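A.B. asks: Quick one, what's the 3D model for this:
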Amino acid sequence: MSKTLFAVNPNADLRSAQAQFSSKGRTQVRDFLVPEAAEEIRRLLRDGTPWGLSIQAGDADQPEQVRAEELQQEAVRQKIGDRVRDAHRAASEGRFSFVHARYSLVDAYLGQWRPGGPHDILLEYLNAPDFLDPLRTLTGIPEIRKADAHASLFAPGHFLTSHLDEHSGEGRRVAYVLNFAPDEWFTDWGGYLVFFDADGDIVEGFRPRFNSLNLFRVPQAHSVTFVPPFAPATRLAISGWLLDR
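C.D. replies: Just a heads-up that it's a prediction; the model follows:
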């Protein structure tokens, strides 16, 4: 994988996205990367990522982060089963919860899980001027200094309930999602990023269309809808926050 492969698509409609973000605080940019970059990242996520699992069960709990190699241990799998049931219970009670596969690009980079590998190169790209400068302009936030990132995979049974992403001490200004799901993603497969008003009504939703970039100001109530058991594919993405510190 080469850094020079990654480039923002010069034909991406950033001007319209800038206007949408300014008026609504969120937007989706289609065909954001050049096609070669998007396909390379999709292959990396699909074929070259050792997926762990991330589980949250209630606002007061710390998420359970399990790396891929730990999933081979019987005791860990049993604990995960208990935690998934806890997450389902929390969701049934209207408390924040989630279950999905995860690979932290930041933890992998700092922990030297695969030094110099493609995931490290991807994180470096996400923090390079060629990526951040257009987003500073699009969002109107020149103070953005860096991006954190994790890879996510939503398979059947995975979900992320409504929350705000409000962690003011971490410098979060904008959340982003780079989507690498299959080209055809049917509405009934779930995995949509949806936004809510104060009454709990959905005011907008974005299909996880391949090579699209979702951006939205935080805090803002949103969720990722449940991926049902009959969905034949997985929702792949790179997600994180644009930070001012």
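
A.B. asks: Please spell out which residues along stretch 150-165 are buried.
C.D. replies: By neighbour count on 16 or more other C-beta atoms under 10 Å, the buried set for stretch 150-165 is 150-155, 158-161, 163, 165. (Glycine included, C-beta is placed from N, CA and C.)

A.B. asks: Now it - C-alpha only, PDB.
C.D. replies: Taking Å, rounded to 0.1, in the frame of the first residue of the first chain, the C-alpha atoms of stretch 150-165 are listed here in PDB:
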ATOM      1  CA  HIS A 150     -10.900   3.100  14.000                       C
ATOM      2  CA  ALA A 151     -12.200   0.600  11.500                       C
ATOM      3  CA  SER A 152     -15.700  -0.800  12.100                       C
ATOM      4  CA  LEU A 153     -17.600  -3.700  10.800                       C
ATOM      5  CA  PHE A 154     -21.300  -4.000  11.400                       C
ATOM      6  CA  ALA A 155     -22.400  -7.600  10.800                       C
ATOM      7  CA  PRO A 156     -25.900  -9.100  11.300                       C
ATOM      8  CA  GLY A 157     -26.900  -8.500  14.900                       C
ATOM      9  CA  HIS A 158     -24.700  -5.400  15.400                       C
ATOM     10  CA  PHE A 159     -26.100  -1.900  16.300                       C
ATOM     11  CA  LEU A 160     -25.200   1.400  17.900                       C
ATOM     12  CA  THR A 161     -28.000   3.200  19.800                       C
ATOM     13  CA  SER A 162     -28.700   6.900  19.900                       C
ATOM     14  CA  HIS A 163     -26.100   9.100  21.500                       C
ATOM     15  CA  LEU A 164     -24.500  12.500  21.200                       C
ATOM     16  CA  ASP A 165     -20.700  11.900  20.900                       C
END
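
A.B. asks: before we move on, the earlier item: how about the buried residues of stretch 150-165, which pair is most distant?
C.D. replies: Greatest spacing in the buried residues of stretch 150-165, by C-beta to C-beta: 155 and 165 (22.5 Å).

A.B. asks: which secondary structure elements does the lengthiest helix in the chain contact?
C.D. replies: In the chain, assigned by DSSP state H, the helix with the most residues is helix 74-92. Helix 74-92 makes packing contacts with strand 52-57, strand 64-66, strand 97-104 when contacts are defined by 3 or more C-beta pairs under 8 Å, 6 or more residues apart in numbering; DSSP states H and E.
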